[in-house]
Structure formats: structure tokens, C-alpha cells
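**Student:** Fold the following and give me the result.
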Amino acid sequence: MNNRSILEAILFVAEQPVPVEELAEVLEIPVETVQAELEGLAADLAERESGITLRQIAGGWRCYSHPDAFPYLERYASTATASRLSNAALEVLAVVAYRQPVSRNQIAEIRGVDSDSAIRTLERRGLIEEVGRLPLPGTPTIYGTTNLFLEKLGLQSMGDLPPLADHVPPATVVETLEETFRADA
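**Tutor:** Residues are numbered from 1 along each chain as shown. Okay, the predicted model is just below:
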């Protein structure tokens, strides 16, 4: 079996992106050779219009389904009992992603509701994790996102997140909204 076939087999079963250095160690060949083989494998898959693509993401390489297969995968996923994140979990995930490290209380304060259930769900799914503790009474846990989060969003790093400023309304709109919710209004 040649190196390219071995790499394909490893990446087919990998549950997360595999760094080039780790692949080089497993195959006992130079990193440069592995990098060239991975790029060649990615090109081979693209050339033969495979349903699988190979991408460098989140510090490693991983196999993904081809974007053109999305409608079929979506139909396939709807036949199974696909579990999706709730809106609350998605909100908590956004808060953690943009404000990390962040505590449960900070998340609840930002959202205006208790977020413990959503936090547990995100931890269980491996999208967020405990990254430390605050030096306050009770030493509250602080959370951050994981490499799985980066992988699921197709990001290399947190710096690739879109800026929040693009999604914030102008100050005049915010003031108008705040006025409508004031108790004295």
C-alpha cells in the first residue's frame, strides 16, 4: 500500500483533523513528504469528482463530504433522527465564541435567562469546555470553545469568526429599541 492510500485510510476514520506532524510520525516519513501527499490526495479527489474532499482545517487535515452533495446529505439526514442544537444552545455558543473565556453568570447576564441546560448540552457535544476558573468567591468555571467548534464551523482559528460589528444595528436603532422597553415609557 502506498503512502497516499495509507493517509486516505487514516483520514477516513479520523474523528478530528489530524496534524501533518502526527501523520508523518505514523508513516515514518518527513513532514514535507506527507504535506505533498496530502495535497496530491486532495487534488486526486477533486479531479475524479469524488463525494469526499480533503481539507486542511483547525490545525490538521480531515475528510469531508463534497459541498455539491449537500442536498442529498440533507435529505438523508432528515430520514434519521438527526439531533440539532436548540436556539438557546446556539445563543450560548455564540456568547462563548465571542466573549470567551466567560462564566455561566456572564452568559446568563448577556442572554437574560438561565443557560445551564444549554451549557451542559454544548459541553456534552464537545463544542465548549472548561478553560479555567475565576479568582472570585466560589471560583466560578469559565468556558471557551474547542477545536471541534472550529472544525464544525470550518475555521482555522477564532480570528476567522466574522466580526460582530457587521451584525450590530446603528446606535440610533439601539436607542429606539431601548426606549420601547423602558418601564417609564
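
**Student:** and Val20, how many neighbours?
**Tutor:** By other CB atoms under 10 Å, 19 other residues sit near Val20. Any C-beta I mention is one placed from the backbone N, CA and C, and that applies to glycine too.

**Student:** pretty sure it is touching Trp61, no?
**Tutor:** Yes. In this structure Val20 lies within contact range of Trp61 using CB atoms under 8 Å: 6.9 Å.

**Student:** which residues do the two both contact?
**Tutor:** Residues touching both Val20 and Trp61 (CB atoms under 8 Å, 6 or more residues apart in numbering) are Leu38.

**Student:** give the contact list for the spatially most central residue of the chain.
**Tutor:** Nearest to the mean C-alpha position of the chain, by CA atoms, centre = their mean, lies Phe149 at 2.2 Å. Shown in contact with Phe149 (CB under 8 Å, 6+ apart): 93, 97, 127-128.

**Student:** which one of those residues is nearest Leu7?
**Tutor:** If you rank the contacts of Phe149 by distance to Leu7 using CB to CB, Leu127 comes first, at 27.5 Å.

**Student:** wait, what's in contact with that closest one?
**Tutor:** So Leu127 contacts 93, 145-146, 148-149, 152 (CB under 8 Å, 6+ apart).

**Student:** Mind listing the residues bridging to the residue nearest to Tyr143 when sequence neighbours are not counted?
**Tutor:** Nearest non-adjacent residue to Tyr143, counting by CB to CB, 6 or more residues apart in numbering: Ile128, 4.9 Å away. On the basis of DSSP bridges, Ile128 takes part in beta bridges with Thr145.

**Student:** can you tell me how far Ile128 sits from Ser103?
**Tutor:** Distance of Ile128 to Ser103, computed by CB to CB, to the nearest Å: 12 Å.

**Student:** the more surrounded of those two?
**Tutor:** Ile128 (27 against 17).

**Student:** I'd like to know how far that one sits from Pro137.
**Tutor:** 23 Å.

**Student:** and what of Gly144?
**Tutor:** 22 Å.

**Student:** Tell me which of those two has more neighbours.
**Tutor:** The residue with more neighbours, out of Gly144 and Pro137, is Gly144; 17 against 6, by other CB under 10 Å.
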